[in-house]
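Enquirer: Next input, structure requested:
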Amino acid sequence: MTKRLRRKLKTDSIAALAFGLLSCAEPKTQPASRVEHSPAYNRLLFAGDVMFCRGVRRQILAAHDPAMPFRKLAPLMAAADITFVNLESPFSDKGPYNSDGLVFHAEPQMIAGLELAGVDIASTANNHARDSGSHGVEYTIRWLRAHGITPLGSSESCGAAHSGVVLTRGGVRFGFLGYTYDQQNGNWHDIDDRIALADPTVLCRDITALKRRADLVIVSMHHGIEYMSHPSKAQIEFAHSAIDAGAAVVIGHHPHVIQREEHYKDGLIFYSLGNFVFDQYQREATQHGEMVEISFLGTQFLTSRALPVRIVPSGPELEGLTAGRELDVSTELRAHGGKDLLRKRVLAP
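Expert: Just a heads-up that it's a prediction; the model follows:
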């Protein structure tokens, strides 16, 4: 059962229960006292770079299972209220599909893994966004939406790309914006304004506008230098600009390795989550990534947790998970630094 169906069943059950209680209740002579509701609790899960080409595609074809890379972690991902990934390979219904090289081109059926994992939102603003040409940009946007996944950072127009998206959970409006430092990837000489570029001035304008429609703003940042273990000056400046403008969280990707997190003012920055579904086995660092879970009570930060993952040909798995052992979602979470974002000690479940 998908989390979207579970969410609908939960809402319908609550509505039915409320109707039953009202229909059976005795008439009241006094006005009912106002009931104060607790703020909604939401868990957002963020993962790093995902692509469905080269070695990943070969493994999928050999397994005859387009969802294969996500099978091990799908229960954990689908359990979150909002699940995010950075999608490095645009989808297209036009081949050929490359088996090597740096031009990524994903077959439509590969979306099965994102569906299985309950991915709600995927960043499509990155240096590979145009690898399947203009048709690929358009097809990816349509294909994701057709499967209940919201594209972020690219859209049908420049205005739509920069307006961001809002996902509401439990009455809390989570606003998302996505940007990339580059969209040409050495293959294009022009700029496609349907893909949002990382301009700090434009970023601040976009955040200000989105805050009129959202309670919290989260920025996806495709930025930095590949394989560098520390963020670049440009990464830091862009992330700080986002928090200064009112964003609550910045999620980074592109370096393909894990970079540090930072508490900056009232916000939280993860400069790079590293790889998630990828085939870079030539370096030790690119075979490790992390998922980050951030919990909110209403609009307030509650906790952040890191789940280190190891990237193997059969798909990412939690670090230290014994082969063949069933994933227990309730016990596999590990405290991220042992502190919540209010600087108080917390215990991992």
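
Enquirer: Tell me which stretches of this protein form strands.
Expert: Under the criterion DSSP state E, the chain contains strands at 41-50, 82-87, 121-123, 150-152, 165-169, 172-180, 216-222, 249-253, 261-264, 267-270, 275-277, 288-297, 300-310, 317-318.

Enquirer: burial count for residue 252?
Expert: Summarising burial for residue 252: neighbours were counted as other Cβ atoms under 10 Å, giving 26. Placement of C-beta: from N, CA and C, glycine included.

Enquirer: what's near enough to touch the residue lying closest to residue 219 once chain neighbours are set aside?
Expert: By the measure of Cβ to Cβ, 6 or more residues apart in numbering, the closest residue to residue 219 outside its immediate chain neighbours is residue 242, 4.4 Å from it. Going by Cβ atoms under 8 Å, 6 or more residues apart in numbering, residue 242 touches 203, 207, 219, 221, 250, 267.

Enquirer: ok, the fifth one to residue 78 distance?
Expert: Residue 250 is 25 Å from residue 78, where distance means Cβ to Cβ, to the nearest Å.

Enquirer: These two: who's more crowded?
Expert: Here residue 250 and residue 78 are set side by side on neighbour count (other Cβ under 10 Å), and the busier one is residue 250, at 27 against 22.

Enquirer: surely the more buried one meets residue 223?
Expert: No: because the distance of 9.7 Å does not satisfy Cβ atoms under 8 Å, residue 250 is recorded as not touching residue 223.

Enquirer: Touching, residue 49 and residue 280? I think so.
Expert: No: taking Cβ under 8 Å as the definition, residue 49 is not a contact partner of residue 280, at 9.2 Å.

Enquirer: These two: who's more crowded?
Expert: Just comparing residue 49 and residue 280: by other Cβ under 10 Å the higher neighbour count belongs to residue 49, 28 against 19.

Enquirer: wait, which of the strands of the chain is closest to residue 129?
Expert: strand 172-180 (6.8 Å; Cβ to Cβ).

Enquirer: returning to what we had before: now the contacts of residue 242 in JSON lines, please, with extra columns for pLDDT and distance to residue 316.
Expert: As requested, these are arranged in JSON lines below (pLDDT from 0 to 100; distance: Cβ to Cβ, whole Å):
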{"residue": "203", "pLDDT": "98", "distance to residue 316": "30"}
{"residue": "207", "pLDDT": "98", "distance to residue 316": "31"}
{"residue": "219", "pLDDT": "98", "distance to residue 316": "24"}
{"residue": "221", "pLDDT": "98", "distance to residue 316": "21"}
{"residue": "250", "pLDDT": "98", "distance to residue 316": "22"}
{"residue": "267", "pLDDT": "97", "distance to residue 316": "27"}
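
Enquirer: Find the pair from these with maximum spatial separation.
Expert: The two members of the contacts of residue 242 with the most space between them (Cβ to Cβ) are 203 and 267, at 13.4 Å.

Enquirer: any idea how far residue 275 is from residue 181?
Expert: From residue 275 over to residue 181 the distance is 18 Å, taken as Cβ to Cβ.

Enquirer: Give me the more crowded residue out of these two.
Expert: Set side by side, residue 275 and residue 181 show unequal neighbour counts under other Cβ under 10 Å, the larger going to residue 275 at 29 against 20.

Enquirer: how much space is there between that one and residue 283?
Expert: Distance, residue 275 to residue 283, using Cβ to Cβ: 10 Å.
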